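Peer 1: next comes the sequence, and after it the predicted model I'd like to discuss.
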Amino acid sequence: MSLVASHQSVAPHATTILAVQRGSEIAVAGDGQVTVGDVVMKHRASKVRRLYHDQIVVGFAGSVADAFTLFDKFERQLDQHQGNLLRSAVELGKEWRTDRYLRHLDAMLVVAGQGQMLLLSGDGDVIEPDDGIGAIGSGGPYAHAAARAMLLYTELGAAEVARRALEIAAAICIYTNDQIMVETVNVAEEAHGAGV
């Protein structure tokens, strides 16, 4: 199975979101371009957000309004399940797949926290990448390939790998720009904050 998510029922989304794990750090990066058809409407949109007391980082590709609906639903699941990332993702996947309204939402999510990274789609997919790299959106394959090479051949940290991989994707994908936002979560800090 490819680790670059491609939602079967819709075309690739016009953006790039990349998550990279190296050691105890997971970085989620997103570009800032908002495109309507073939027109760039905004250059510095925030497609990466922190949820659940800043412990979970979420990035989206797809319709902005649909993504905000999913952010809200996912945050409710996190609250209901005391921040348990996997359980909240599975429950959102079930709701997303079975609810008549949610089924039509056109977005995908990358979620990270608690040492996990997951890709979520409207087909009910909850995928944990094997290689510590997850990418969605139209520039996802480019960013994924660049990140994989950097993880293999450099000692760069997760945040720097994510940023540089998005810069490479922006140079290739017309729907991705170089206005990059990166958020990180640290597994050691989360464990310490949880009293583990």
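Peer 2: That came through fine.
Peer 1: OK, contacts around the residue minimising distance to the centre of the chain?
Peer 2: Averaging the C-alpha coordinates of the chain gives a centre point, and the residue nearest to it by Cα atoms, centre = their mean is Val110 (2.5 Å). If a contact means Cβ atoms under 8 Å, 6 or more residues apart in numbering, then Val110 has 17-19, 28, 58-60, 117-120, 134-136 as its contacts. For the C-beta atoms, the positions are set from N, CA and C on the backbone; glycine is no exception.
Peer 1: Tyr142 in helix, strand or coil?
Peer 2: Of the three states, Tyr142 takes helix under DSSP: H, G, I helix; E, B strand; the rest coil.
Peer 1: next: Ala135.
Peer 2: With three-state DSSP as the basis, the three-state label of Ala135 is strand.
Peer 1: number of nearby residues for it?
Peer 2: Using other Cβ atoms under 10 Å, the number of residues around Ala135 comes to 34.
Peer 1: which strand residues bridge it?
Peer 2: Using DSSP bridges, the beta-bridge partners of Ala135 come out as Val4, Leu18.
Peer 1: where along the chain do the helices fall?
Peer 2: 64-80, 85-98, 140-153, 158-172, 187-193 (DSSP state H).
Peer 1: so what's Ile26 up against?
Peer 2: Applying Cβ under 8 Å, 6+ apart as the definition, the contact partners of Ile26 turn out to be Ala19, Val20, Val57, Ala112, Gly113, Gly115, Met117, Ala158, Thr184, Val185, Asn186, Val187.
Peer 1: only the buried subset of those, as a PyMOL command please.
Peer 2: Typed into PyMOL, the next command selects the buried ones out of the contacts of Ile26 (criterion: 16 or more other Cβ atoms under 10 Å):
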select buried, resi 19+20+57+112+113+117+158+184+185+186+187
